[in-house]
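J.: need coordinates for the below:
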Amino acid sequence: TVQVRQQPAGTRVFVDGVALIRPNLFGDSTVHLADSSGAIRVINTVQGNIFQGDSIRVAGTVAMRDGQTVVTDPTIYRLGLGTAPIARLLTPGEVASALGGVLDAAFVRVGGSGSGVTVKDTTTAGNGDFRAVVWDGTDSVTVVLDADLGFSQTAINLWAPGATVDVRGLLVPEGGVWVLKPRSAADITQP
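T.: Below you'll find the predicted structure:
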C-alpha cells in the first residue's frame, strides 16, 4: 500500500492485502485493505463476495478522496482466507491525526492499555450515527458508531459520559482529522 500511495492519480495499480471490512459495511462501497506496509481505502467497490479477513488482490486506479490516496473503480479477486491484522494501540491524539496521515485506513485501538479511555461527550448525528468523544486526560478523538451497522441500544448505553471504553476500529478521514469507526459491537469493550 505504501507504493500505491506514492503513485500519481490516474495510475493503474495492483495491490494485495487483507480486507479489513466487507463492501457496504458502513453503508458505502469502501473496503479497507491492509498489507505489511500499511492500509488503504478501496472505493466504488461493487463486488459483494468479499468479507472481513479475506486475502484479496485489487486492480484499480489511484485517486484522491478526503485528501488521501485511494484506489477507485476496482476489480477485486478473492485469493482465500487471510490473516487479520492486530489493531495497533495508539493514544487518542495519534488516532485523531492518524500519525500525520500515515495510518489512514488502518485498523487501530485506543484505550487498550488496560485503563481504557473516558467518554467525554456523546451526540447522535442527523444521519443516525452515534458519535462519542473519548479522551485519555490529554488528547481526544471521536468514535463513530455507524448507523448502518445497527448498533443495539445496549451497545450505545456503554457510552455514557464518564464511562470507560476500549475501542478498536478503522481510521476514516473527516474534516481534516480522523475518526475511529468500530466494525461491530465486538470491537468495543469496557475494561
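J.: for the residue nearest the centre of the chain, give its distance to residue 162.
T.: With distances taken as CA atoms, centre = their mean, residue 170 lies nearest the centre of the chain, 1.6 Å away. Counting by CB to CB, to the nearest Å, the separation of residue 170 from residue 162 is 26 Å. C-beta here means a position set from N, CA and C on the backbone, and glycine is covered the same way.
J.: just checking: what are the partner strands of the longest strand seen in the chain?
T.: Using DSSP state E to define each element, the chain has its longest strand at strand 68-81. Strands that pair with strand 68-81, judged by DSSP bridges, come out as strand 38-43 (parallel), strand 54-65 (antiparallel).
J.: residues in contact with that strand?
T.: Under the contact criterion CB atoms under 8 Å, 6 or more residues apart in numbering, strand 68-81 has outside partners 4-5, 7, 13, 15-16, 31, 33, 40-45, 47, 49-50, 53-65, 101, 104-105, 173.
J.: next: stretch 102-114.
T.: So stretch 102-114 is contacted by 20, 32-34, 38-41, 68, 85, 87-92, 94-95, 98, 117, 134, 136, 141, 143, 164-173, 178, 180, 191 (CB under 8 Å, 6+ apart).
J.: now do 7 Å
T.: 20, 32, 34, 38-41, 68, 85, 87-90, 92, 95, 98, 117, 134, 141, 165-168, 170-171, 173, 180, 191 (CB atoms under 7 Å, 6 or more residues apart in numbering).
J.: likewise stretch 134-154?
T.: With CB under 7 Å, 6+ apart as the test, stretch 134-154 has contacts from 26-27, 91-93, 95-96, 110, 117-120, 127-133, 156, 165, 167, 179-182, 184-185.
J.: from those residues, list the buried ones, please.
T.: 26, 91-92, 95-96, 110, 117-119, 129-130, 132-133, 156, 165, 167, 179-182, 185 (16 or more other CB atoms under 10 Å).
J.: so for residue 154, what's the pLDDT?
T.: pLDDT recorded at residue 154 is 76.
J.: burial count for it?
T.: 8 (other CB atoms under 10 Å).
J.: next one: the helix or strand harbouring it to chain centre, how far?
T.: Applying DSSP states H and E as the criterion places residue 154 in helix 153-157. Here helix 153-157 is found 20 Å from its chain centre; the criterion is CA atoms, centre = their mean, to the nearest Å.
J.: offset the numbering so it begins at 327, please.
T.: OK, 327 is where the count begins now, so the last one is helix 479-483.
J.: quick check: next helix or strand after the least confident helix or strand in the chain by mean pLDDT?
T.: Every helix and strand of the chain was ranked by mean pLDDT, DSSP states H and E. The lowest is helix 479-483, at a mean of 81. Using DSSP H and E, the next helix or strand after helix 479-483 towards the C-terminus is strand 490-500.
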